[in-house]
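Novice: Pasting the sequence and the predicted model now:
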Amino acid sequence: MQTDEALATRVAQGDELALRELLRRYERSLANFLHRQTGGRDVEDLYQETWLRVVRHAERFDATRRFSTWLFQIAINLCRDWHRRRPPEPHPPDEEPAAAELERSEAALDAQQLLGRLPEAQREVVVLRYYHDLSEEDVANILGIPVGTVKSRMHQAIARLGALVRSEARAAS
Amino acid sequence: MSTRPDDALAAHARECDECRAESPALAQLRSLLDAGGAEPDAAPLTQHALASLIPALRVRAQAAFWRRLVRVLSVALLPLPLILAADVWLLGHVYALAAAWLPSTLALYIVISYALSALAVIGITYAAIPLLLARPLQTHELATA
């Protein structure tokens, strides 16, 4: 099996099979990452734009580095741009959702709301560390920051989320 | 506390006394984060993305092909003056030898025939270069069609 980096080099030569294989390997993790970064909005556009940049800039990819790091760096930059020019929140639909669906969406909304209340820099660290199980070193590489900064952002995020959870629990009781 | 062997919250709590002291809040936080696991269906996203990626990839393939062609042709053209000079030298000797034994018209015919054959072989060899370079791309296109 070819490595991601070898496939990326073939993509730079216009190899369609290599691109399809990279898409297959990363479609789920990239879609989930974008979903969590944007709260599920404009995921399709961001997903498409991420891969377009991979194709357009494939010859700039340094095959001595990890492809996943490069891919998530592109996605992170696109998400940051998206947050800067974030479109207004869509209006909720008029129809009443089914009870099970409502319960599920409420649970999802809680997690999304929690992540949404974090500053962008902390949210990026939480999503990459918690949901993608990346090491602190990998997160540091993707974000272009020292490992110590990853740790401190993780700490700040946990403290902030913990405070939110406690205040919600107090409000509920 | 967690279904994952070493999630980021647990890993951080191990290193951080302050967060470890917040264990109940961390457990609650983890369950909230895990509950938000509604994942988008990536397959349709990939299908839509491919529609716009394929033209971009073709542009890239074309550019890569021309770059490779220029590189290979410039290397292949380097020995051409030497080949032509050797042919001209050989033709001169063949003509001198043939003219010594045969009528000059027949000697000229032999030399011209040889020159045309040599030019055809050289031309075909150089014309085959872009065809050979394009072959792997066609193979991949056929495989994905």
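Specialist: Yes, it's here.
Novice: Now do the contacts for B:W89.
Specialist: For B:W89, no residue meets the contact criterion (Cβ atoms under 8 Å, 6 or more residues apart in numbering or on different chains). No exception for glycine: its C-beta is placed from N, CA and C like everyone else's.
Novice: For stretch A:125-134, buried residues please.
Specialist: Of the residues in stretch A:125-134, those with enough neighbours to count as buried (16 or more other Cβ atoms under 10 Å in any protein chain shown) are A:125-132, A:134.
Novice: Contacts (any at all) between chain B and that stretch?
Specialist: Yes. Applying Cβ under 8 Å from any Cβ of the partner chain, one finds stretch A:125-134 in contact with chain B at A:126, A:129-131, A:133.
Novice: Just the ones in helices from those residues, please.
Specialist: Those of those mapping onto helices are A:V126, per DSSP state H.
Novice: on that earlier part again, next, format the buried residues of stretch A:125-134 as CSV and append pLDDT.
Specialist: What follows is the buried residues of stretch A:125-134, written out as CSV (pLDDT from 0 to 100):
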residue, pLDDT
A:V125, 90
A:V126, 87
A:V127, 87
A:L128, 89
A:R129, 86
A:Y130, 84
A:Y131, 83
A:H132, 83
A:L134, 86
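Novice: three-state assignment of B:L57?
Specialist: helix (DSSP: H, G, I helix; E, B strand; the rest coil).
Novice: Who are the contact partners of B:V59?
Specialist: A:G14.
Novice: element containing A:R65?
Specialist: Using DSSP states H and E, A:R65 is not contained in any helix or strand.
Novice: ok, it to B:P40 distance?
Specialist: Look at A:R65 and B:P40: by Cβ to Cβ, to the nearest Å, they are 27 Å apart.
Novice: thinking again about what came up before, tell me the one of the residues of stretch A:125-134 next to chain B nearest A:I145?
Specialist: A:R129 (12.8 Å; Cβ to Cβ).
Novice: Select the longest helix from chain B.
Specialist: If you go by DSSP H, chain B has its longest helix at helix B:104-144.
Novice: Could you name the helices and strands sitting against that one?
Specialist: Where contact means 3 or more Cβ pairs under 8 Å, 6 or more residues apart in numbering or on different chains; DSSP states H and E, helix B:104-144 is packed against helix A:16-38, helix B:42-77, helix B:80-101.
Novice: I'd like those written out as CSV, with mean pLDDT and distance to B:Q28 added.
Specialist: Shown next, in CSV, are these (pLDDT from 0 to 100; distance: least, Cβ to Cβ, whole Å):
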stretch, mean pLDDT, distance to B:Q28
helix A:16-38, 92, 19
helix B:42-77, 90, 29
helix B:80-101, 93, 77
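Novice: Those helices: which one's closest to A:V165?
Specialist: helix A:16-38 (17.7 Å).
Novice: if you look at the helix or strand that that closest one is followed by, does any of it touch chain B?
Specialist: Per DSSP H and E, the first helix or strand lying C-terminal to helix A:16-38 is helix A:43-56. Yes. With Cβ under 8 Å from any Cβ as the criterion, chain B is reached by helix A:43-56 at A:43-44, A:47-48, A:51-52, A:55-56.
Novice: show me where pLDDT drops low in chain A?
Specialist: Scanning chain A for pLDDT under 70 picks out the ranges A:87-110, A:172-173.
Novice: try it again with 80
Specialist: The model of chain A has pLDDT under 80 over residues A:86-114, A:165-173.
Novice: in it, what residue is nearest chain B?
Specialist: A:A111 (2.0 Å; Cβ to the nearest Cβ).
Novice: so that residue sits right up against B:A35, yeah?
Specialist: Yes. Counting by Cβ atoms under 8 Å, A:A111 does reach B:A35; the two are 5.8 Å apart.
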